[in-house]
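Undergrad: next comes the sequence, and after it the predicted model I'd like to discuss.
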Amino acid sequence: MTAANTLKAGLELQILDVKADASSQQVRLKELTQGFTQELEKQRHALQLAEERFRTSETRALLEIDRERVQSAKLQKEIEQARLSASESNNRHQDELRRLQLSMGEYRQQFGSLQGNLEAITQSRDSSHKELEALRIRIEELQASLAFVKSESDGQLQQLSEIRNSEKTVATKPTRKNRKSDLAS
């Protein structure tokens, strides 16, 4: 009877351990999901800001280029009147164009870097998804183990109940010696 109680207590402890492990795995899964979601939102926000800056800079550059075209047209008209001043102005504008081209190169490089970051985030997301899937499978395995342990525990409790019932039945039936002494008296 004590062995059965000990077995029962041991099984109940195992069940509690399995439940606690499953619960901690679910908490960890929620934490990972929340962390991933927050990081993804931060990266999206950063990407949106960078795209806005890029669009603003590109618009500015296009406006500058437009202004340059207008200025070039004016200079072409004035070339005949003032060749020297047109030449100096042209040099100035060439420097400005080089600066703009360098800026465009830098913006393209930043854009490429952002694309690389996005790919890294995507890979990280895919990796996290795989980890989440592995955790989900582990939780399912733990739940199956828990169900198995529970069914085993229920079976052992049923056996214990049957043993107790048979002990009660044996204890209430008179033995042969008791019957003979009852008959003799």
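TA: It's in.
Undergrad: wait, Ile163 touches Leu7, no?
TA: No: between Ile163 and Leu7 there is no contact under C-beta atoms under 8 Å: 11.9 Å. In short, each C-beta sits where N, CA and C put it, glycine included.
Undergrad: so what pLDDT did Leu75 get?
TA: Note for Leu75: predicted pLDDT of 72.
Undergrad: in the protein, which helix is the longest?
TA: helix 83-172 (DSSP state H).
Undergrad: so which elements touch that helix?
TA: Here helix 83-172 touches helix 2-78, going by 3 or more C-beta pairs under 8 Å, 6 or more residues apart in numbering; DSSP states H and E.
Undergrad: just how off-centre is the helix it packs on within its chain?
TA: Chain-centre distance of helix 2-78: 9 Å, with C-alpha atoms, centre = their mean, to the nearest Å.
Undergrad: that one packs against which elements?
TA: Contact partners of helix 2-78 among helices and strands, from 3+ C-beta pairs under 8 Å, 6+ apart: helix 83-172.
Undergrad: give me the mean pLDDT for the helix it packs on.
TA: Across helix 83-172, pLDDT averages out at 87.
Undergrad: angle of that helix against helix 2-78?
TA: 170 degrees (axes from the mean of the first three to the mean of the last three C-alpha atoms, to 10 degrees).
Undergrad: quick one: residues contacting the residue lying closest to Lys150 once chain neighbours are set aside.
TA: Among residues not flanking Lys150 along the chain, Ile15 sits closest, at 6.5 Å (C-beta to C-beta, 6 or more residues apart in numbering). Ile15 makes contacts with 146, 149-150, 153, as judged by C-beta atoms under 8 Å, 6 or more residues apart in numbering.
Undergrad: now Asp21
TA: Here Asp21 is in contact with Leu142 (C-beta under 8 Å, 6+ apart).
Undergrad: so it versus Lys30, what's the distance?
TA: Asp21 is 15 Å from Lys30, where distance means C-beta to C-beta, to the nearest Å.
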